[in-house]
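Novice: below is the sequence, then the predicted model.
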Amino acid sequence: MIKIRGLSVVYPGGLRALNNVDLDIADGEFVVIVGLSGAGKSTLLRAVNGLVPITEGSVQVSGREVAGASAKELREIRSGIGLIFQTFNLVNRSRVINNVLMGRLSKVPRWRSLLGMWPPEDVELAMQGLERVDIVDKAYVRADNLSGGQQQRVGIARALAQEPSVLLADEPVASLDPVTSHMVMRDLQRINRDLGITTLINLHFLDLARAYGKRLIGLRGGELVYDGDIADVSDEVFRQIYGRAITPDDLLEGASA
Amino acid sequence: MVVGVSVVSAVAGDVAVLWGALLGAVLAAGLAWVGAARTWSDAAILVVAGATGLAVVWSVLDNREGVIDMAESLQAAVGWLVVGAGFAYVLWRNDKGLGWPAALAAAAAWAVAGFAVLEWATAIGFLNDLRPFEVEAGELQVLDGSFYAWTGGLTSSLGVAAGFSLRVGTPALAAVSGALAVTLFGANKIAFSIGELFKQFGRFGELAEQFWPPQWTWSEFTGEAPELHILDPMIETIQIAVVGATLGCLIAIPVAFMASRPTTYNGPVYWLSRTTMNVLRTVPDLFWGIIFVTAVGAGSPFAGALAMVMFSMTIMAKLFSETVDTIDLGPLEAARASGARQSQVIQTGAMPQVLPNYVAYALYIFELNIRASVVIGLVGAGGIGLELNKQRSFFQWDRVMAIVLVIFVAVILIELLSIYIRRRLV
């Protein structure tokens, strides 16, 4: 359960990235967030797990308040939230399995992670995550020897290894080709359905949003301008969110459309 | 121009003025060739400036008593300033875009260069051969023609370089000529003399005979059979280097992480560790040796090892922290987003990215340690440096040669080992 009230984020330097956002997300929901670049999508996502400092308002995740939390509390909150990045953010020189095990860092004692002596249950959990995204055969391959789509799936597995209650994905498919993008979106959909993890995804391809989204949130200029079911979303709604007509750049299949 | 020269030479009647006029003519031709001087009046100005300037220089030299001292060099510099002023004026009148600061600088460059060259000439003994009683007032002294060629040529090129760089707008030449002037001045001050070097060369040859053949074994005490005394100290030196490099590089890891922006804990920690690192880094390795020898006692390899620990630590911390400053921040953010503590973030996010660099630095620092521990042996921190110093103080050059050869071989072997390891790791 994510409860956001009056959330404002102002970066040092004065940029008001989010302005007075109110949002409620129930457990197990699959939410897609769209908006122009700079509309505040990344900021919103990172405000949920406290990676950006919250200037005003409150963000509660599973009953715990993120705004103003201490370092220790933040770590505990974050350990239940998985974050998937547009640029994958894997450790290139490490093997896939070690990258996925990074998701278990908050759950094991410091000495174990420092020495690389992971408990077998954690390794098993990591393997299960890899299996869920269908990449377990690459477990001992170096991360930079994988393709983009494979690397993102490792990123998903890493997030899953945390056994999170919330999954955040910041433009997970922006660096991928159309076919792989669909695969990754299907994986995220399946994970949400099978494991019941609350999922928030930033997208800037509108056709993907329409294809896979259930609930759509539109941000514009740091403000929430749309919140509704994907079925009710028309091109007119997108135009309202974007403040301009839709262009082929906004569609994944835009070039061929 | 010819008229000008004959007038001047009729009045002064000496060689310096002719040389000065020639200098002016050469400058005029050069400037005309590059288009910085266009008219005969430009040439006339340069010739007059050259003649007058060198006349001033000459008057100083003529009136000296023996070696030229700095005051006289300064006075002579005024003469060069006249030349420079003419040069700068011609530049300026043909290119009004050249501001007066630049023109002033060109003139000043001549004066500075002239001063520096005169000091240099004194230092290398060009003008030392005229003793006081040989200089007679009023009598025509024709100095060695090569003197004029040398100093004239050098000064001219320095001044021209400075002027041109200003004209063309590339400060590089001015910088180079400035650097040359500073070098000449410094060389004069430390009595750097090429002539002196050649004189000493013969002596060096005699000395070289004492170094060869090297003496590998000798007796420490009377009645003792000659033994190989080199091996143990060399092994001790290597051990000092190994201990120093290992401990120093290990300690440097947390220090480096604290002193790098991506991985530091907070502002104060960052500034404190960076400042400490920069301060400690300025201590030369020899000084670490002296500190620890004083603390622990002379002849003790422990002192040497401690010194090497500090030496290695400071170098590794600097190199490593600069590498960590450039890492990709993405994996760090990912680790932080999963709820990891800072130490785990560093361990899993940062360390794998920089590990190859760390190993390369560690091997390099080990090589440095070998050489450095020889040096600190000279101040009594144990190892082969101590032995080397001992034999040197007894003037046993053949034994010194043997020790030097052993050190040489050891360094080469370790260098090969280091290359091998580095290749295997990549």
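Specialist: Cool, the structure landed. Numbering: from 1, shown residues only, chains lettered A, B, ... in the order given.
Novice: alpha carbons only for contacts and neighbour counts from here, please
Specialist: Noted.
Novice: where does residue A:175 land in three-state SS?
Specialist: Secondary structure state of residue A:175, per DSSP: H, G, I helix; E, B strand; the rest coil, is coil.
Novice: leaving out chain neighbours, which residue sits closest to it?
Specialist: Across the structure, with CA to CA, 6 or more residues apart in numbering or on different chains as the measure, the residue nearest residue A:175 apart from its sequence neighbours is residue A:86 (6.6 Å).
Novice: how about the residue of the stretch 101-250 of chain A found nearest chain B, what does it touch?
Specialist: The nearest approach of the stretch 101-250 of chain A to chain B comes at residue A:106, 4.8 Å away (CA to the nearest CA). Listed by CA atoms under 8 Å, 6 or more residues apart in numbering or on different chains, the contact partners of residue A:106 are A:75-76, A:79, B:338-341.
Novice: over to residue B:236?
Specialist: So residue B:236 contacts B:301, B:382-384 (CA under 8 Å, 6+ apart).
Novice: likewise for residue A:192?
Specialist: Under the criterion of CA under 8 Å, 6+ apart, the contact list for residue A:192 reads A:28-30, A:198-199.
Novice: 10 Å - rerun?
Specialist: Taking CA atoms under 10 Å, 6 or more residues apart in numbering or on different chains as the criterion, residue A:192 is in contact with A:28-30, A:166-167, A:186, A:198-199.
Novice: quick one: which of the residues you listed is most hemmed in?
Specialist: residue A:166 (28 neighbours; other CA atoms under 10 Å in any protein chain shown).
Novice: so how far is residue B:223 from it?
Specialist: To residue B:223, residue A:166 is 86 Å away according to CA to CA, to the nearest Å.
Novice: list phi and psi for the residue of the stretch 101-250 of chain A closest to chain B.
Specialist: Residue A:106 has phi and psi values of phi -80, psi -10 when expressed as degrees, to the nearest 10.
Novice: same thing with residue A:34?
Specialist: phi -120, psi 160.
Novice: residues near it, how many?
Specialist: When counting by other CA under 10 Å, one arrives at 26 neighbours for residue A:34.
Novice: any idea what it is bridged to?
Specialist: In this structure, residue A:34 bridges to residue A:218 when assessed by DSSP bridges.
Novice: wait, doesn't it sit right on residue A:216?
Specialist: Yes: distance between residue A:34 and residue A:216: 7.4 Å, which falls inside the contact criterion (CA atoms under 10 Å).
Novice: pretty sure residue B:108 sits against residue B:86.
Specialist: No: using CA under 10 Å, residue B:108 and residue B:86 do not qualify as a contacting pair, with a distance of 11.4 Å.
Novice: now for the two: what residues contact both?
Specialist: If you check residue B:108 and residue B:86 against CA under 10 Å, 6+ apart, the residues they both contact are residue B:80.
Novice: what's the helix or strand for the closest residue to chain A within chain B?
Specialist: Nearest residue of chain B to chain A, counting by CA to the nearest CA: residue B:339, 4.2 Å away. Secondary structure from DSSP states H and E places residue B:339 outside every helix and strand.
Novice: returning to what we had before: quick check: neighbours shared by residue A:34 and residue A:216?
Specialist: The contact lists of residue A:34 and residue A:216 share A:201, A:209, A:226, where a contact means CA under 10 Å, 6+ apart.
Novice: out of those residues, who's the most crowded?
Specialist: Neighbour counts for those, by other CA under 10 Å, peak at residue A:201, which reaches 27 neighbours.
Novice: ramachandran coordinates for the residue lying closest to residue A:207 once chain neighbours are set aside?
Specialist: In space, and not counting its chain neighbours, residue A:207 is closest to residue A:251: 5.5 Å by CA to CA, 6+ apart. Phi and psi for residue A:251, reported as degrees, to the nearest 10, are phi -120, psi 140.
Novice: am I right that residue A:251 is in contact with residue A:211?
Specialist: No: in this structure residue A:251 lies outside contact range of residue A:211 using CA under 10 Å: 11.3 Å.
Novice: out of these two, which sits in the busier spot?
Specialist: Of the pair residue A:251 and residue A:211, residue A:251 is the one with more neighbours under other CA under 10 Å, namely 17 against 12.
Novice: pLDDT weak spots in the stretch 301-426 of chain B?
Specialist: Applying pLDDT under 70 to the stretch 301-426 of chain B flags residues B:426.
Novice: so which bits of it are right by chain A?
Specialist: Selection of the stretch 301-426 of chain B residues close to chain A by CA under 10 Å from any CA of the partner chain yields B:328-341, B:343-356.
Novice: buried ones among the residues you listed?
Specialist: When those are checked for burial by 16 or more other CA atoms under 10 Å in any protein chain shown, the buried set is B:330-341, B:343-351, B:353-354.
Novice: can you map out the strands along chain A?
Specialist: Residue ranges of the strands in chain A, as given by DSSP state E, are A:2-10, A:16-25, A:30-34, A:56-61, A:64-65, A:81-84, A:166-170, A:198-202, A:215-220, A:223-229.
Novice: pipe the ones you listed into CSV and attach distance to residue B:248 and mean pLDDT per row.
Specialist: Output for the strands of chain A, formatted as CSV (distance: least, CA to CA, whole Å; pLDDT from 0 to 100):
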stretch, distance to residue B:248, mean pLDDT
strand A:2-10, 44, 92
strand A:16-25, 46, 91
strand A:30-34, 51, 93
strand A:56-61, 46, 92
strand A:64-65, 44, 92
strand A:81-84, 38, 95
strand A:166-170, 42, 95
strand A:198-202, 47, 94
strand A:215-220, 53, 91
strand A:223-229, 54, 89
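Novice: if we can go back for a sec, restricted to helices, list the buried ones among the residues of the stretch 301-426 of chain B next to chain A.
Specialist: Secondary structure defined by DSSP state H assigns B:330-337, B:343-344, B:351, B:353-354 of those to helices.
Novice: could you pull out the helices for the stretch 251-400 of chain B?
Specialist: Secondary structure of the stretch 251-400 of chain B, counting by DSSP state H, counting those that start in this stretch: helices at B:267-281, B:285-296, B:301-324, B:330-337, B:342-344, B:351-377, B:384-393, B:397-425.
Novice: returning to what we had before: quick check, nearest of the shared contacts of residue A:34 and residue A:216 to residue B:79?
Specialist: Closest to residue B:79 out of these is residue A:201 (80.5 Å), distances taken as CA to CA.
Novice: what's the first helix or strand after the helix or strand of chain B with the lowest mean pLDDT?
Specialist: Lowest by mean pLDDT, DSSP states H and E among the helices and strands of chain B is helix B:2-12, with a mean of 48. Secondary structure here is assigned by DSSP H and E; on that basis, the next helix or strand after helix B:2-12 toward the C-terminus is helix B:15-33.
Novice: if you count contacts, what does that following helix end up packed against?
Specialist: In this structure, helix B:15-33 packs against helix B:2-12, helix B:40-62, helix B:70-94, helix B:145-168, with contacts taken as 3 or more CA pairs under 10 Å, 6 or more residues apart in numbering or on different chains; DSSP states H and E.
Novice: continuing past the longest one, what's the next helix or strand?
Specialist: Going back to what we said before, that points to helix B:70-94. The helix or strand immediately downstream of helix B:70-94 is helix B:100-123, counting by DSSP H and E.
Novice: what about that following helix, distance to the chain center?
Specialist: On the basis of CA atoms, centre = their mean, to the nearest Å, helix B:100-123 is displaced by 22 Å from the centre of the chain it belongs to.
Novice: only C-alpha atoms, please: export that helix in CSV.
Specialist: Output in CSV follows, covering the C-alpha atoms of helix B:100-123 (Å, rounded to 0.1, in the frame of the first residue of the first chain):
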residue,chain,number,x,y,z
TRP,B,100,51.0,48.5,-25.9
PRO,B,101,51.2,46.0,-23.1
ALA,B,102,52.2,43.4,-25.6
ALA,B,103,54.8,45.8,-27.1
LEU,B,104,56.2,46.6,-23.7
ALA,B,105,56.4,42.9,-23.0
ALA,B,106,58.4,42.4,-26.2
ALA,B,107,60.8,45.1,-25.3
ALA,B,108,61.1,43.8,-21.7
ALA,B,109,61.8,40.3,-23.1
TRP,B,110,64.9,41.6,-24.8
ALA,B,111,66.1,43.2,-21.6
VAL,B,112,65.5,40.1,-19.6
ALA,B,113,67.1,37.9,-22.1
GLY,B,114,70.1,40.1,-22.4
PHE,B,115,70.6,40.2,-18.7
ALA,B,116,70.2,36.4,-18.4
VAL,B,117,72.6,35.7,-21.2
LEU,B,118,75.3,38.0,-19.7
GLU,B,119,75.0,36.3,-16.4
TRP,B,120,75.3,33.0,-18.1
ALA,B,121,78.3,34.0,-20.1
THR,B,122,79.9,35.0,-16.8
ALA,B,123,79.1,31.7,-15.2
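Novice: good, wrapping up.
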